[in-house]
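Enquirer: Got a sequence here, can you model it:
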Amino acid sequence: MFRNLLFAAAMAAMPVTALAGDLTPKAAGEVVDQLVENMDGYMDPKVGAAVQADLKRHRAEYVKLDSRAAFAEAVTRDLYAVSHDKHLKVSLETLDASRGARLTDEQQALVDRRLAYGLMAIRRLPGNVGLLKMSYFEQGEAGAKLVETALDLLQDTDALIIDLRENHGGGGASDETFLGHLSRAPIPMAKIYWRTEGGGTEVMQRAPRAPKGQPLYADKPVFVLTSRETGSAAEAFAYDLQAAKRATLIGETTAGAANPANRGFHLDYGFRVFIPTGKVVHPTTGGNWEGVGVQPDIAVARDQALTEAYGRALGAAKPAVSTPKSEAERMRAISDPRAALLADQAL
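Expert: Here you go, the predicted structure:
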């Protein structure tokens, strides 16, 4: 129901090059009109109406822009100025600027495969600490398979670092599968109040997926790295773990984008818009991270977060078995975590 929609579309955060002259006044006006119409579906009708009025007020300015990139930037800036919703944004879906241009399902699937379903790095660090870095949470079953495979490879490490500093969202099968492997008792996830197309409300309670066997990483120390870029479903993942006291968050306060969407809003001329259609309420806290972000347990600059987490992971880990070689490696890493990281990742 919400493939590529739940929480943030991670692709929207990726830079796209567009040339000046790829947008005509007629096309710009049509896109503004489509935006006004689609805002009827926004999660808060009062805010939606204010955004619609603002779009109409600025229409004459938008049609003077001859670059799709400049148009998307200007409109997104004004959308945020009225709504203060970091999810509400216009982006370029394709390099094709023709009317009706959009990614097909097959092309979107190819994009996901080329991005390895969000996998950026999987590594065993010196001292037997696992590291998994993801750029987004893939919503489909391929994302669940990725998480299963990664944790299967890392299950015998003594602590786990999950790097979400460049993760812009996604959600669905992968984060639900991930959470299912991090605790024996289900970790509470958000309840979402969706606004239906008819103006009503539907409630969806998210929950971790129960593993087929035992959880692969239920009892070992877990550390999550965050930054100001960490957004949407990545924030939800960190928030869930923090609320359950299952992980230590290290880094910066996250972006503060909580309002999700469960349907797509494609625009003509290769644009798309992410329009939130729901509100998140976490059962443990009674709130969410919209506008405020997720506060780390240990606040450090993003470029220091991995070293900080690695040192703490080494200290918290309890090796299941030790040999002279493994203990020597662990002690070297404990004595200077930064040097151990640099040596491990040297080209």
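Enquirer: Export stretch 314-330 to CSV, keeping only CA atoms.
Expert: Extracted in CSV, the C-alpha atoms of stretch 314-330 (Å, rounded to 0.1, in the frame of the first residue of the first chain):
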residue,chain,number,x,y,z
LEU,A,314,34.6,-2.1,22.4
GLY,A,315,34.1,-1.3,26.1
ALA,A,316,30.6,-2.7,26.3
ALA,A,317,31.2,-5.9,24.3
LYS,A,318,31.5,-9.2,26.1
PRO,A,319,33.3,-11.6,23.7
ALA,A,320,31.8,-15.1,23.6
VAL,A,321,35.2,-16.6,23.0
SER,A,322,38.7,-15.2,23.1
THR,A,323,42.0,-16.3,21.7
PRO,A,324,45.4,-14.7,22.1
LYS,A,325,45.1,-13.3,18.6
SER,A,326,41.6,-11.9,19.1
GLU,A,327,42.4,-10.5,22.5
ALA,A,328,45.5,-8.7,21.2
GLU,A,329,43.4,-7.2,18.4
ARG,A,330,40.7,-6.1,20.8
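Enquirer: I'd like the mean pLDDT over that stretch, please.
Expert: Averaged across stretch 314-330, pLDDT comes to 96.
Enquirer: just how off-centre is that stretch within its chain?
Expert: Remark: stretch 314-330 is offset 33 Å from the chain centroid, using Cα atoms, centre = their mean, to the nearest Å.
Enquirer: cool, and stretch 277-284?
Expert: Centroid displacement of stretch 277-284 relative to its chain, using Cα atoms, centre = their mean, is 16 Å.
Enquirer: Next, the buried residues of it.
Expert: 277-280, 282 (16 or more other Cβ atoms under 10 Å). Every C-beta, even on glycine, is put in place using the N, C-alpha and C of the backbone.
Enquirer: For these, please prepare a markdown table with the additional fields distance to Arg330 and secondary structure.
Expert: Formatted as a markdown table, these follow (distance: Cβ to Cβ, whole Å; DSSP: H, G, I helix; E, B strand; the rest coil):
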| residue | distance to Arg330 | secondary structure |
| --- | --- | --- |
| Thr277 | 49 | coil |
| Gly278 | 46 | strand |
| Lys279 | 46 | strand |
| Val280 | 40 | strand |
| His282 | 37 | coil |
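Enquirer: could I get these as TSV with pLDDT and distance to Arg99?
Expert: TSV is the format used below for the buried residues of stretch 277-284 (pLDDT from 0 to 100; distance: Cβ to Cβ, whole Å):
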residue	pLDDT	distance to Arg99
Thr277	96	25
Gly278	96	30
Lys279	96	34
Val280	96	35
His282	97	42
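Enquirer: and which of those residues is nearest Pro186?
Expert: Closest approach between the buried residues of stretch 277-284 and Pro186, by Cβ to Cβ: His282, at 13.9 Å.
Enquirer: quick one: that closest one and Gln205 touch, right?
Expert: No - counting by Cβ atoms under 8 Å, His282 does not reach Gln205; the two are 11.0 Å apart.
Enquirer: what residues do the two have in common as contacts?
Expert: 189, 191 (Cβ atoms under 8 Å, 6 or more residues apart in numbering).
Enquirer: quick revisit: let me have the buried residues of stretch 277-284 in JSON lines, adding distance to Lys64 as columns.
Expert: As requested, these are exported to JSON lines (distance: Cβ to Cβ, whole Å):
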{"residue": "Thr277", "distance to Lys64": "31"}
{"residue": "Gly278", "distance to Lys64": "35"}
{"residue": "Lys279", "distance to Lys64": "36"}
{"residue": "Val280", "distance to Lys64": "37"}
{"residue": "His282", "distance to Lys64": "43"}
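Enquirer: wait, Glu235 sits on Thr254?
Expert: Yes - applying Cβ under 8 Å, one finds Glu235 in contact with Thr254, separated by 4.6 Å.
Enquirer: Quickly list what's touching both of these two.
Expert: 289, 293-294.
Enquirer: Mind giving me the packing neighbours of the helix or strand hosting Leu341?
Expert: Following DSSP states H and E, one finds Leu341 within helix 337-344. On a contact count with 3 or more Cβ pairs under 8 Å, 6 or more residues apart in numbering; DSSP states H and E, helix 337-344 meets strand 119-125, helix 302-316.
Enquirer: isn't Gly270 right up against Gly100?
Expert: No - Gly270 lies out of contact with Gly100 (Cβ under 8 Å); the separation is 9.0 Å.
Enquirer: what's near enough to touch Asn259?
Expert: 43, 85, 87-88, 276, 278-280, 290.
Enquirer: Now it, what are its backbone angles?
Expert: Backbone dihedrals for Asn259, given as degrees, to the nearest 10, come out at phi -70, psi 120.
Enquirer: quick one: it from Ala234, how far?
Expert: Distance, Asn259 to Ala234, using Cβ to Cβ, to the nearest Å: 15 Å.
Enquirer: And for Lys64?
Expert: Applying Cβ to Cβ, the value for Lys64 to Ala234 is 36 Å.
Enquirer: and if you look at Ala339?
Expert: Counting by Cβ to Cβ - Ala339 and Ala234 are separated by 29 Å.
Enquirer: Same check on Leu314?
Expert: Distance from Leu314 to Ala234, by Cβ to Cβ: 25 Å.
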